[in-house]
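Student: Give me a 3D structure for the following:
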Amino acid sequence: MKTNNVDDYQLVEEAINGNKRSIETLIERHKNKVYTYILLIVKKEQLAEDIFQETFIKVIKSLRKGKYQEKGIFASWVIRIAHNLIIDYFRKAKHLRLLSSEDTEVNIFNSSRFSDTNIEDNIIENQIASDVRKLIDLLPEDQKQVILLRHYGDFSFKEIADQTGVSINTALGRMRYALINLRKLIEEKKLNLTKI
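Tutor: Residues are numbered from 1 along each chain as shown. Here you go, the predicted structure:
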């Protein structure tokens, strides 16, 4: 049977019954969103890959043991597992504030992506992105989470609501307050986030 056109619910049922192909399809279908979510929080590629692998090992074990009792979206359940593993990692490491966004930045001078464009513009864009990311880290946790999921993880507000366990209106409200607070931080720090 072809698994690519089957919905998540049916794939989960088949995976619980031992169908390895269904598990592979679920992982393939959701790997980008899950990995992006992890990387946005931990900011280190190697660490993100480790937690990503650990997440899907836990997912597979949970499916095999019949522990998946969710009525919601499979991807939200997987991201919740990833989120818990991230929290566990930071608890063990005891250095939540020591990771910087600079650890994962790519050397723009060695990237073919920028070879046809103005290098100064790219440096400015990277600096703006870095400044914005640092400001996001200053937001309250619930607002930060909504911004990361929406703008970096490309989640819909419905997916954000499912993931965070709140209503869509609450998720929208948190986004609104996050944007208001970001504007205040930009003014307080007198940052110029535009190209001259």
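Student: can you pull out the helices in this structure?
Tutor: Assigned helices in the chain, in chain order: 8-16, 20-42, 45-64, 74-93, 119-137, 141-147, 157-164, 168-188 (criterion: DSSP state H).
Student: Would you convert those into CSV that also reports mean neighbour count?
Tutor: The C-beta positions use only the backbone N, C-alpha and C, and glycine is treated the same way. As requested, the helices of the chain are exported to CSV (neighbours: other CB atoms under 10 Å):
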stretch, mean neighbour count
helix 8-16, 18
helix 20-42, 18
helix 45-64, 17
helix 74-93, 17
helix 119-137, 15
helix 141-147, 19
helix 157-164, 20
helix 168-188, 15
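Student: weakest of the ones you listed in terms of mean pLDDT?
Tutor: Within the helices of the chain, confidence is poorest for helix 119-137, with a mean of 74 (mean pLDDT).
Student: Just give me how far it sits from the chain centre.
Tutor: 19 Å (CA atoms, centre = their mean, to the nearest Å).
Student: now do stretch 66-77
Tutor: 18 Å.
Student: just stretch 61-80 next, same as before
Tutor: Using CA atoms, centre = their mean, the mean C-alpha position of stretch 61-80 is found 18 Å from that of the whole chain.
Student: Convert the C-alpha atoms of that stretch to PDB, please.
Tutor: Only the C-alpha atoms of stretch 61-80 are listed here, as PDB (Å, rounded to 0.1, in the frame of the first residue of the first chain):
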ATOM      1  CA  LYS A  61       9.000   3.400  21.200                       C
ATOM      2  CA  SER A  62       5.800   5.100  22.300                       C
ATOM      3  CA  LEU A  63       3.900   4.000  19.200                       C
ATOM      4  CA  ARG A  64       5.200   0.400  19.700                       C
ATOM      5  CA  LYS A  65       4.100   0.400  23.300                       C
ATOM      6  CA  GLY A  66       0.700   1.800  22.400                       C
ATOM      7  CA  LYS A  67       1.300   5.000  24.400                       C
ATOM      8  CA  TYR A  68      -0.100   7.300  21.700                       C
ATOM      9  CA  GLN A  69      -3.500   8.200  23.000                       C
ATOM     10  CA  GLU A  70      -3.700  11.600  21.400                       C
ATOM     11  CA  LYS A  71      -6.900  12.900  19.800                       C
ATOM     12  CA  GLY A  72      -5.100  15.900  18.300                       C
ATOM     13  CA  ILE A  73      -2.500  16.400  15.600                       C
ATOM     14  CA  PHE A  74       0.400  13.900  15.400                       C
ATOM     15  CA  ALA A  75       2.900  16.600  14.600                       C
ATOM     16  CA  SER A  76       1.900  18.500  17.800                       C
ATOM     17  CA  TRP A  77       2.400  15.300  19.800                       C
ATOM     18  CA  VAL A  78       5.900  14.900  18.300                       C
ATOM     19  CA  ILE A  79       6.800  18.500  18.900                       C
ATOM     20  CA  ARG A  80       5.600  18.200  22.500                       C
END
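Student: quick one: contacts of it?
Tutor: Contact partners of stretch 61-80, identified using CB atoms under 8 Å, 6 or more residues apart in numbering, comprise 8-9, 11-12, 15-16, 18, 23, 26, 30, 33-34, 37, 55-56, 59, 81, 159, 162-163.
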